[in-house]
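Participant: Let me see the structure of the following:
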Amino acid sequence: MSPTAISGAPATKPNRPWYKVLYVQVLIAIIIGVLVGSFAPNFATNEWIKALGDGFIKLIKMVIAPIIFCTVVSGIAHIQDARKVGRVGIKALVYFEIVSSFALILGLIMGNVFQVGHGIANKPDAAAVAGFVKQAEGQKTVDFFLNIIPDSVVGGFARGDILQVLLFAILFGFALMAMGERGHKLRDIIDESAHAVFGVIGIVMKAAPIGAFGAMAYTIGKFGPAALTNLFGLIVLFYATAALFVIVVLGLIARVVGFNIFKFLAYLKDELLIVLGTSSSESALPQLMAKLERLGCSKSVVGLVVPTGYSFNLDGTNIYMTLATLFIAQALGVDLSFGQQITILLVAMLTSKGASGVTGAGFITLAATLSVVDPRLVPGMAIVFSIDKFMSEVRALTNVTGNGVAAVFVSWWEGELDHDKMNVALNQKIDPSDLETAVTTG
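Facilitator: Predicted coordinates for the structure are as follows:
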């Protein structure tokens with residue numbers, strides 16, 4: 001599945017004055033929010049300041065259901081492209097789900113071991129927590145199962161019930177896939193609809209500085225400057241978890257194939273720098289595919305695995321969602337049961353599909369996950385949103401690295417990896433464009 005079919009995000013961005021760059025605007029808004037919250041807490045906790053952050057969150061929630069529906073349906077419908085190449089597509093999808101599961105589980109483990117969210121709300125709302133526990137105890141498994149099934153398709157969308165939307169999206173996606181060529185026109189319409197909804201997100205994100213100011217000012221004003229320690233802790237924990245995933249999980253996969261993960265990262269340094277500068281993993285897609293082919297991967301495997309991985313293999317996004325969900329629960333004083341944490345894994349596995357390449361898409365999937373785990377966690381997004389921009393680059397970098405390793409692994413699994421090319425590329429300081437000449441003459 002081509003990621004541009006969903007996001008339509010441009011690979012390059014025109015030069016703009018620094019003060020018009022969204023990233024800079026958000027940073028300035030965060031700094032102002034910290035200052036206002038620290039020196040004018042009474043003003044910062046005013047309901048209108050709080051409304052700035054809450055209003056932005058509501059704008060995000062507004063597009064959750066259509067985004068989830070379009071991305072899941074399109075992702076499943078495009079699997080028919082994978083079926084054309086038989087076992088390669090199946091192997092790629094199996095690999096994606098297994099590795100994504102490791103990313104989600106690692107995020108949960110780190111979030112539970114290093115509970116950096118505790119302490120933000122020193123006095124959590126006891127009534128709200130008691131109500132949450134009562135609801136969790138009173139809800140039978142049978143009732144939960146029946147609630148997943150909507151009374152009507154429109155009802156699920158109207159209420160914003162993400163589980164119901166997901167169920168219908170999965171069924172609709174498989175039905176569309178089964179239609180074959182007859183379903184291509186409808187699939188294209190859904191792709192274009194997703195493109196339009198992501199356009200809405202692009203418009204909404206222009207209000208991000210205002211939302212970031214309101215969220216940060218209110219957070220610091222209500223919980224005190226000490227909350228900055230917790231927020232900084234989440235950033236550090238996310239960076240460390242992403243690094244651990246790349247070094248340990250992807251490193252072990254690389255060792256099985258026969259290459260060193262650090263040499264692989266050095267080989268892709270140019271693409272990683274592009275991603276770092278644009279905060280979008282999609283910006284390096286063409287260069288990444290060309291470089292993987294020069295590395296010795298089969299062209300057919302690269303053509304299938306890398307574009308499909310942009311929707312199905314989002315390791316950085318998965319880590320972010322589990323860590324952020326646990327952080328918000330800890331910050332709000334809500335203890336998530338083991339069953340609810342398993343729900344996070346299952347829901348995040350679905351909601352993360354198609355969440356790459358577009359600024360704010362990772363935040364959308366977080367909103368969808370929180371809505372399913374417990375709707376009362378959704379307001380806590382305002383806390384995480386104030387620092388989300390600091391984590392978007394690492395999400396994208398981890399996603400790109402994971403997709404690169406996936407292409408090499410599947411090529412090796414298929415017996416279509418040229419080890420001579422790979423050794424030349426990774427062990428010698430040579431221009432990638434000269435690799436073919438070097439291997440041929442060497």
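
Participant: so where do the helices sit in the stretch 251-400 of the chain?
Facilitator: For the stretch 251-400 of the chain, helices defined by DSSP state H, counting those that start in this stretch occupy the ranges 251-257, 261-267, 269-278, 285-294, 299-312, 315-331, 338-351, 361-373, 381-385, 389-413.

Participant: Next, the angle helix 389-413 makes with the fifth one.
Facilitator: Computed by axes from the mean of the first three to the mean of the last three CA atoms, to 10 degrees, the angle separating helix 299-312 from helix 389-413 equals 150 degrees.

Participant: Render the CA-only coordinates of helix 299-312 in PDB, please.
Facilitator: Listed in PDB are the C-alpha atoms of helix 299-312, where the atom choice follows Å, rounded to 0.1, in the frame of the first residue of the first chain:
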ATOM      1  CA  LYS A 299      13.700  -4.900  -5.900                       C
ATOM      2  CA  SER A 300      10.400  -6.800  -5.800                       C
ATOM      3  CA  VAL A 301      10.700  -7.300  -2.000                       C
ATOM      4  CA  VAL A 302      11.600  -3.700  -1.400                       C
ATOM      5  CA  GLY A 303       8.800  -2.500  -3.600                       C
ATOM      6  CA  LEU A 304       6.300  -4.500  -1.500                       C
ATOM      7  CA  VAL A 305       7.700  -4.300   2.100                       C
ATOM      8  CA  VAL A 306       8.700  -0.700   2.400                       C
ATOM      9  CA  PRO A 307       5.400   1.000   1.200                       C
ATOM     10  CA  THR A 308       3.300  -1.600   3.100                       C
ATOM     11  CA  GLY A 309       5.400  -1.100   6.200                       C
ATOM     12  CA  TYR A 310       4.500   2.600   6.200                       C
ATOM     13  CA  SER A 311       1.000   1.500   7.200                       C
ATOM     14  CA  PHE A 312       1.600  -1.800   9.000                       C
END
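
Participant: mind checking how far that helix is from the chain centre?
Facilitator: 17 Å (CA atoms, centre = their mean, to the nearest Å).

Participant: Report the residue spans of the stretch 151-300 of the chain with pLDDT below the cut-off.
Facilitator: Applying pLDDT under 70 to the predicted model, the residue ranges of the stretch 151-300 of the chain that meet it are 160-163, 277-283.

Participant: thinking again about what came up before, mean neighbour count and distance to residue 70 for the helices of the stretch 251-400 of the chain - can I get that in CSV?
Facilitator: Placement of C-beta: from N, CA and C, glycine included. Formatted as CSV, these follow (neighbours: other CB atoms under 10 Å; distance: least, CB to CB, whole Å):
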stretch, mean neighbour count, distance to residue 70
helix 251-257, 16, 31
helix 261-267, 17, 33
helix 269-278, 17, 23
helix 285-294, 20, 20
helix 299-312, 23, 12
helix 315-331, 28, 17
helix 338-351, 18, 12
helix 361-373, 25, 11
helix 381-385, 24, 21
helix 389-413, 24, 20
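
Participant: weakest of the ones you listed in terms of mean pLDDT?
Facilitator: Ranked by mean pLDDT, those end with helix 361-373 at the bottom, a mean of 72.

Participant: And the residue nearest the centre of this protein?
Facilitator: The centroid of the chain falls nearest to residue 317 when counting by CA atoms, centre = their mean (2.7 Å).

Participant: Quick check: it vs residue 370, distance?
Facilitator: From residue 317 across to residue 370, the span is 14 Å (CB to CB, to the nearest Å).

Participant: same question, residue 118
Facilitator: Noted for residue 118: a distance of 18 Å to residue 370, by CB to CB.

Participant: got it, and residue 191?
Facilitator: Distance, residue 191 to residue 370, by CB to CB: 27 Å.

Participant: so what's residue 179 closest to, chain neighbours aside?
Facilitator: Taking CB to CB, 6 or more residues apart in numbering as the measure, residue 179 lies nearest to residue 186, with 7.8 Å between them; neighbours along the chain are not counted.

Participant: ok, longest helix in the chain?
Facilitator: The helix that spans the most residues within the chain, counting by DSSP state H, is helix 87-113.

Participant: Could you write out the alpha-carbon coordinates of the helix or strand residue 204 falls within in PDB?
Facilitator: When secondary structure is defined using DSSP states H and E, the element that contains residue 204 is helix 184-204. Extracted C-alpha coordinates of helix 184-204, given in PDB (Å, rounded to 0.1, in the frame of the first residue of the first chain):
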ATOM      1  CA  HIS A 184     -10.900  -0.700  -6.800                       C
ATOM      2  CA  LYS A 185     -13.000   2.400  -7.500                       C
ATOM      3  CA  LEU A 186     -14.500   2.400  -4.100                       C
ATOM      4  CA  ARG A 187     -11.100   1.800  -2.500                       C
ATOM      5  CA  ASP A 188      -9.800   4.800  -4.400                       C
ATOM      6  CA  ILE A 189     -12.700   6.900  -3.200                       C
ATOM      7  CA  ILE A 190     -11.900   5.800   0.400                       C
ATOM      8  CA  ASP A 191      -8.200   6.700  -0.200                       C
ATOM      9  CA  GLU A 192      -9.100  10.100  -1.400                       C
ATOM     10  CA  SER A 193     -11.500  10.600   1.500                       C
ATOM     11  CA  ALA A 194      -8.700   9.800   3.800                       C
ATOM     12  CA  HIS A 195      -6.600  12.300   1.900                       C
ATOM     13  CA  ALA A 196      -9.300  14.900   2.500                       C
ATOM     14  CA  VAL A 197      -9.600  14.100   6.200                       C
ATOM     15  CA  PHE A 198      -5.800  14.400   6.600                       C
ATOM     16  CA  GLY A 199      -6.200  17.800   5.000                       C
ATOM     17  CA  VAL A 200      -8.600  18.700   7.800                       C
ATOM     18  CA  ILE A 201      -5.900  17.600  10.200                       C
ATOM     19  CA  GLY A 202      -3.500  19.900   8.400                       C
ATOM     20  CA  ILE A 203      -5.900  22.800   9.000                       C
ATOM     21  CA  VAL A 204      -6.500  21.800  12.600                       C
END
